[in-house]
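Enquirer: Please find the sequence and the predicted model below.
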Amino acid sequence: MSSAIVSARFSVLDRSRTREGHPGAEALRDTVRLAREVEALGYHRFWVSEHHGVPGVAGSAPTVLAAAVAAATSRIRVGTGGVMLPNHRPLVVAEQFGVLEALFPGRVDMGLGRSVGFTDGVRRALGRGKDDADDFAAQLDELLGWFSGTSPTGVHARPAEGLSVPPFVLAMGEGAAIAARAGLPMVIGDLRDRERMLRGIDRYRAAFRPSPWAREPYVVISGTVAVAATPEEARRILIPEAWSMAHARTHGTFPPLPPADRVESLPMTAKERGHYESGLAGQLAGTEDQVAHELETVLKETGAQELLVTTSTYDRTALLDSYRRLARIFTARTRRG
């Protein structure tokens, strides 16, 4: 039987989400441990993210964390989803990824985004403003130039120059158009807004220009996937993140993940309840058979070459079990195909 799952790659983005009652350092160690675990399950990539000043996220230095992940693993590709380029000088980013590639040759990915911080205070601390995201295309060109040795400054990025570190663009806002013009692979989400995702993918493919980095369009779709023995257990995996998002949208602060039991007993305002239920609705969650069917549908609709799973929850045992069940889906379909 023909299956889109057979040809797709499956990867993981872990945001180092903190949990109530546990320090941020534990979240970082959990990220490294999860990388080892999903490597053993056969996943293709393991990426980490960049967030600043967020109580619920410990991952603030993605290239540093990626180095720890690469050192703790041996085969899985390691990268960032992503380094927010407006926050950094392109030369420094090139040097950091050059060091990673030199230390872990052939295993490093360079996922790049254009966000500049979620609050005025964070942007001030970074020395950035909202409009800095508008310079992303130029910053991206400069960054790639450091690897190819085409910078007009006479300066050379060591040890990046001459190394090949695959770049990916996180398609937020204008990101899809920028990825297409630059001829780079694109990462786009989320799975719940299928129509918007399909429009972005269509625009990307239509405008794509082949480059030394990619001869053809390469699409990575990203989003939450929760797999469990029952639909109810899969839904419980989603509850902590759904509540944290609801809290952030009503109070302006993204908190550590609470246990699902505590969330279910919380009194919620109508606004909180609305955001919470919205966070649970339409997610790709269920039993292995249910998720396999949904994955088959979304991969066929999008024609994506890869799925980047971004699930977070309080119960790390349930999270690992979800990744284990998802691995069974793609390995079973690969054998069948």
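Expert: Now that the structure is in, tell me what you want to look at. Residues are numbered from 1 along each chain as shown.
Enquirer: now the strands: where do they sit in the stretch 51-200 of the chain?
Expert: Along the stretch 51-200 of the chain, counting by DSSP state E, counting those that start in this stretch, strands occupy 77-80, 83-84, 110-113, 167-170, 186-188.
Enquirer: Show residues contacting the third one.
Expert: Going back to what we said before, that points to strand 110-113. 47, 50, 79-85, 93, 97, 140, 143, 165-170, 172, 175, 187 (C-beta atoms under 8 Å, 6 or more residues apart in numbering). The way it works is simple: take the backbone N, C-alpha and C, and place the C-beta from them, glycine included.
Enquirer: 6 Å instead, please
Expert: Outside strand 110-113, the residues that touch it by C-beta atoms under 6 Å, 6 or more residues apart in numbering are 47, 79-85, 97, 165, 167-170.
Enquirer: go on, the second one?
Expert: Outside of strand 83-84, the residues within contact range by C-beta under 6 Å, 6+ apart are E50, P62, V93, L112, G113, S115.
Enquirer: returning to what we had before: check pLDDT for the contacts of strand 110-113 and point me to the minimum.
Expert: Least confident by pLDDT among the contacts of strand 110-113: that is G82, with 90.
Enquirer: That one contacts L170, correct?
Expert: Yes - in this structure, G82 is within contact of L170 by C-beta atoms under 6 Å, at 4.9 Å.
Enquirer: Could I get the contacting residues of the nearest residue to S16 once chain neighbours are set aside?
Expert: Leaving aside its sequence neighbours, S16 sits nearest to G59 (C-beta to C-beta, 6 or more residues apart in numbering; 3.6 Å). By C-beta under 6 Å, 6+ apart, the contact set of G59 is R15, S16, V48, S49, L65.
Enquirer: rerun that using 10 Å as the cut-off
Expert: Going by C-beta atoms under 10 Å, 6 or more residues apart in numbering, G59 touches 14-18, 24, 27-28, 31, 48-52, 65-66, 80.
Enquirer: Show me whatever sits in contact with both of G82 and L170.
Expert: In contact with both G82 and L170: S49, G111, L112, G113, R114, S115, V187, using C-beta under 10 Å, 6+ apart.
Enquirer: Highest neighbour count among these?
Expert: L112 (30 neighbours; other C-beta atoms under 10 Å).
Enquirer: so which strand or helix has K271?
Expert: helix 270-280 (DSSP states H and E).
Enquirer: Show me the helices in the stretch 1-150 of the chain, by range?
Expert: For the stretch 1-150 of the chain, applying DSSP state H, counting those that start in this stretch gives helices covering 4-7, 24-41, 62-72, 90-103, 120-126, 136-148.
Enquirer: Poorly predicted segments of the stretch 1-150 of the chain, please.
Expert: Within the stretch 1-150 of the chain, the ranges that satisfy pLDDT under 70 run 1-3, 117-120, 129-133.
Enquirer: you'd agree T63 is up against N87?
Expert: No - counting by C-beta atoms under 10 Å, T63 sits too far from N87 to count as a contact (11.9 Å).
Enquirer: quick revisit: could you provide the contacts of strand 83-84 in a markdown table, with additional columns for distance to S312?
Expert: Listed next are the contacts of strand 83-84 as a markdown table, based on distance: C-beta to C-beta, whole Å:
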| residue | distance to S312 |
| --- | --- |
| E50 | 15 |
| P62 | 16 |
| V93 | 25 |
| L112 | 22 |
| G113 | 18 |
| S115 | 18 |
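Enquirer: Most widely separated two among those?
Expert: V93 and S115 (14.5 Å; C-beta to C-beta).
Enquirer: Next, count neighbours for the spatially closest residue to D135 that is not a sequence neighbour.
Expert: Spatial nearest neighbour of D135, chain neighbours left out: P86 (6.6 Å); criterion: C-beta to C-beta, 6+ apart. Using other C-beta under 10 Å, P86 has 22 neighbouring residues.
Enquirer: Same check on V57?
Expert: For V57, the count of nearby residues is 21 (other C-beta under 10 Å).
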